[in-house]
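**Student:** kindly generate the corresponding structure for this input.
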Amino acid sequence: MEKTQKDDSLEQSAQVLSHDGENQRKTPDFIAYARLCATRMQNTGKYDAAHRLDKYVAKFIAFLGRNEIPFKDFDSLLMRNYHTWLENQKLGRNSVSLYIRNLKRIYRLAVKDGVTMERHPFEGMDVSYWAKKDKKGLELDDVRRLHDLDLSNQNRSVAFARDIFLFSVYTRGMRANDIFYLTLDNIKNGFLTYRQKTTDKEVSVPWESAMQEIVGRHARPDTPYLFPVITAEGAYEQWRQHGMALHNINRNLKTIARMLGIPFPLNMTVAHHTWESMTRNMSIRALL
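**Tutor:** Down below sits the predicted model:
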């Protein structure tokens with residue numbers, strides 16, 4: 001079974017949850033235990049994982065119609081009914097599996113921590129991830145049209161979204177959570193070198209003039225980062241700024257897609273796939 005980044009993040013976060021027998025004895029309810037897990041994740045700086053877990057729990061609560069479900073009632077019939085309910089919400093197969101799979105992780109953690117006995121509520125359920133074969137990316141001509149697009153009559157945030165998208169393509173599909181935290185220290189001897197937050201792998205790409213032009217358009221003195229996204233000092237506020245910036249960028253990219261007549265929504269994931277599928281063997285200069 002193939003794992004997604006979201007799965008890995010939640011699994012890694014679950015590993016840092018400390019055993020707290022007193023609190024566990026007070027949470028014989030699945031929802032209460034899941035919320036305790038989310039709180040612990042947030043307290044250890046796993047803000048993304050905590051936020052996603054809150055989302056998964058909220059969807060389960062919407063199905064239940066109440067804010068509690070004792071572990072003794074958390075059985076296979078309940079999970080099959082939840083699976084059917086999710087399908088009826090017009091969710092795709094992978095989305096349904098994701099919601100179920102993350103409840104399964106929390107349940108297994110509860111069993112491991114001695115909060116409940118194993119009742120095998122997920123037995124016989126296929127919650128594997130199906131790799132998507134139709135990952136959308138832009139054609140070379142679309143990348144050039146995006147670069148040349150006149151946005152002078154648009155809000156500055158639209159131009160910023162276009163530039164972040166192009167910067168991702170130029171840096172071989174760099175993800176937003178890496179872009180937002182780049183500093184001048186990452187640029188040395190003609191190369192941009194950074195460590196991917198999702199894999200901890202070090203990556204180096206040639207520093208091109210097109211990248212410098214983008215950075216130069218958006219540099220601000222109130223942040224040490226190349227792009228004016230992260231200005232707060234606290235980790236939680238930085239996470240909030242990151243999430244809001246990514247939301248606004250993706251929203252503005254949809255506007256740009258309509259302007260260019262692109263038949264699918266643009267977002268930062270498309271930027272990553274554009275490099276992977278269309279431009280992997282090209283230089284940045286060949287794109288312009």
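**Student:** who does the strand or helix carrying residue 160 touch, helix- and strand-wise?
**Tutor:** Secondary structure from DSSP states H and E places residue 160 in helix 156-170. Under the contact definition 3 or more C-beta pairs under 8 Å, 6 or more residues apart in numbering; DSSP states H and E, helix 156-170 sits against helix 140-148, helix 176-179, helix 209-218, helix 235-260, helix 268-278, helix 284-287. Every C-beta, even on glycine, is put in place using the N, C-alpha and C of the backbone.
**Student:** repeat that with 7 Å
**Tutor:** Applying 3 or more C-beta pairs under 7 Å, 6 or more residues apart in numbering; DSSP states H and E, we find helix 156-170 packed against helix 140-148, helix 176-179, helix 209-218, helix 235-260, helix 268-278.
**Student:** what residues of it count as buried?
**Tutor:** Judged by neighbour count using 16 or more other C-beta atoms under 10 Å, the buried positions of helix 156-170 are 158-170.
**Student:** for the helices and strands packed on helix 156-170, give me CSV that also has distance to residue 112.
**Tutor:** Putting these into CSV (distance: least, C-beta to C-beta, whole Å) gives the following:
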stretch, distance to residue 112
helix 140-148, 48
helix 176-179, 29
helix 209-218, 46
helix 235-260, 27
helix 268-278, 33
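**Student:** give me the distance between residue 78 and residue 122.
**Tutor:** 10 Å (C-beta to C-beta, to the nearest Å).
**Student:** where are the low-confidence patches of the stretch 151-288 of the chain?
**Tutor:** By pLDDT under 70, the low-scoring segments of the stretch 151-288 of the chain are 277-288.
**Student:** contacts only, for residue 173.
**Tutor:** Residue 173 makes contact with 271-272, 275-276 under the criterion C-beta atoms under 7 Å, 6 or more residues apart in numbering.
**Student:** and residue 40, which of the helices and strands packed on helix 156-170 is closest to it?
**Tutor:** helix 235-260 (14.6 Å; C-beta to C-beta).
**Student:** buried stuff in the closest one?
**Tutor:** 238-239, 241-242, 245-246, 249-250, 252-253, 255-257, 259.
**Student:** give me the angle between that helix and helix 140-148.
**Tutor:** For helix 235-260 against helix 140-148, the angle by axes from the mean of the first three to the mean of the last three C-alpha atoms, to 10 degrees is 110 degrees.
**Student:** by contact count, what packs against helix 235-260?
**Tutor:** helix 140-148, helix 156-170, helix 268-278.
**Student:** secondary structure element for the closest residue to residue 85 other than its chain neighbours?
**Tutor:** Distance criterion C-beta to C-beta, 6 or more residues apart in numbering; nearest residue to residue 85, sequence neighbours excluded, is residue 63 at 4.9 Å. Secondary structure assignment for residue 63, by DSSP H and E: helix 47-64.
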